[in-house]
Each structure stands twice: as C-alpha cells, then as structure tokens.
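In: here's my sequence, what's the structure:
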Amino acid sequence: MKDAICPLCGSYENEKSFSEKNYDVLACKSCELFFIYPYENDIHEKVSTNKYDNLEIIAPYNHYAASKRYYKKYFPSIENECKNAISLLDVGCGTGYRLYAR
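Out: Sure thing, here's the model as predicted:
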C-alpha cells in the first residue's frame, strides 16, 4: 500500500499479509515488521480496555495462510538460531513472532 508508512523504519514499501475486520496486516519489505493499517492514534487505549472473551478470527483461512507464509519464510533461520538454546524468550505484540534464544 503506497500510503501506508512502516512505524518502525518509515518505509512505504510493504505488502499485505491479510485483512481482518477493517484493518490490513502489512509486512514491511525493508525491516520486515508486521503492522496494522490504518493505524489509529488511540489504538493502545482500545487494546488495553478490550474484552477478549468473545475474540474470534473473522477469516480463519486468511489468518492460517498468513501464518504459513510467515513460518515458511522465517522458521528455518529461527530453527538454526535455536539449535543449541536452553530457553526461549518470545517478545511480541499480538503475533508473538519475535524470538530470542539463549
């Protein structure tokens, strides 16, 4: 999306992974960050006050397909980094796709 700016590196180069509700999940081609678009200024307040009891995935096939693309692209390098790890720390927001191996 040409008008979507990566909140991490400021790049306009991104690709759509999937859409859910009224948002697109985009992947930055420069820094590989996954981010939502459009990004609302008050999104953190909405997330902190949201009730997750009734959370459902609107388009499970799209969600599953995006997860498969992610794992095909990144799992080999994650697996290589974690080969001799004794523990893992997963740091992320929502997707949990960021791993740190020790």
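
In: isn't Ile58 up against Tyr23?
Out: No: when contacts are counted by Cβ atoms under 8 Å, Ile58 is not listed as touching Tyr23 (10.5 Å). (Each C-beta comes from the backbone N, C-alpha and C, glycine too.)

In: compare these two (neighbour count), which wins?
Out: More crowded of Ile58 and Tyr23, by other Cβ atoms under 10 Å: Tyr23, with 15 against 9.

In: does the nearest residue to the more buried one once chain neighbours are set aside sit in a helix, a strand or a coil?
Out: Using Cβ to Cβ, 6 or more residues apart in numbering and skipping the chain neighbours, the partner closest in space to Tyr23 is Ile36 (4.7 Å). Following DSSP: H, G, I helix; E, B strand; the rest coil, the label given to Ile36 is strand.

In: wait, Ile36 sits on Val25?
Out: Yes: contact criterion Cβ under 8 Å: Ile36 and Val25 qualify, at 5.9 Å.
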